[in-house]
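>>> model this:
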Amino acid sequence: MLEKTTVIRNRAGIHARPAALIVQTAGKFKSKISLQKGDDCINAKSIMGIITLGAGFETEIRIIADGEDEAEAVEAIDRLFQNRFEED
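A predicted model of the protein is given here:
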């Protein structure tokens with residue numbers, strides 16, 4: 001299992017478009033991928049789960065992956081956050 005903490009950098013936070021990008025990216029990997037905000041931990045391959053996190057600007061998110069391609073999965077998801085989901 002591999003974990004990495006990141007911060008939401010786009011002003012609008014995670015809404016439908018960023019959630020769809022996360023799901024699309026997570027779906028490319030065999031690993032189980034989760035996003036955690038506080039005590040809430042959701043499946044990163046579930047668009048409804050991601051949206052219900054209610055994660056806004058500057059919210060800290062933990063990316064957790066477990067599986068054969070976990071390192072690549074964590075890096076790919078973190079890259080979305082670092083690039084502000086190509087919004088700003």
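
>>> So which elements touch the lengthiest helix in the chain?
Ranked by residue count under DSSP state H, the longest helix found in the chain is helix 70-82. Under the contact criterion of 3 or more CB pairs under 8 Å, 6 or more residues apart in numbering; DSSP states H and E, helix 70-82 touches strand 2-7, helix 16-26, strand 32-37, strand 60-66. No exception for glycine: its C-beta is placed from N, CA and C like everyone else's.

>>> So for Glu75, which of the ones you listed sits nearest?
Taking CB to CB, strand 2-7 is the member of those nearest to Glu75, at 8.1 Å.

>>> which residues touch the residue of the chain most remote from its centre?
Most distant from the centre of the chain: Glu68, at 18.2 Å, with distances by CA atoms, centre = their mean. With contacts defined as CB atoms under 8 Å, 6 or more residues apart in numbering, Glu68 is in contact with 30-31.

>>> swap in the one 3 residues further on?
When contacts are counted by CB under 8 Å, 6+ apart, Ala71 is found next to 2, 65.

>>> One more: the one 5 residues further on?
If a contact means CB under 8 Å, 6+ apart, then Ala76 has 25, 28-29 as its contacts.

>>> likewise Ile8?
Ile8 touches 14, 55-59, 61, 81, counting by CB under 8 Å, 6+ apart.

>>> what does the average pLDDT come to for the longest helix of the chain?
If you average the pLDDT over helix 70-82, you get 98.

>>> Of all the residues in that helix, which ones are buried?
70, 73-74, 76-77, 80-81 (16 or more other CB atoms under 10 Å).

>>> Could you do stretch 15-35 as well?
Buried-residue list, stretch 15-35, by 16+ other CB under 10 Å: 18-19, 21-23, 25-26, 29, 31-35.

>>> Tell me if I'm right that Ile51 and Pro18 touch.
No - between Ile51 and Pro18 there is no contact under CB atoms under 8 Å: 9.5 Å.

>>> so Gly49 makes contact with Ile42?
Yes - contact criterion CB under 8 Å: Gly49 and Ile42 qualify, at 3.6 Å.

>>> if we can go back for a sec, of all the helices and strands packed on helix 70-82, which one is nearest Phe85?
Nearest to Phe85, of all these, is helix 16-26, at 4.1 Å by CB to CB.
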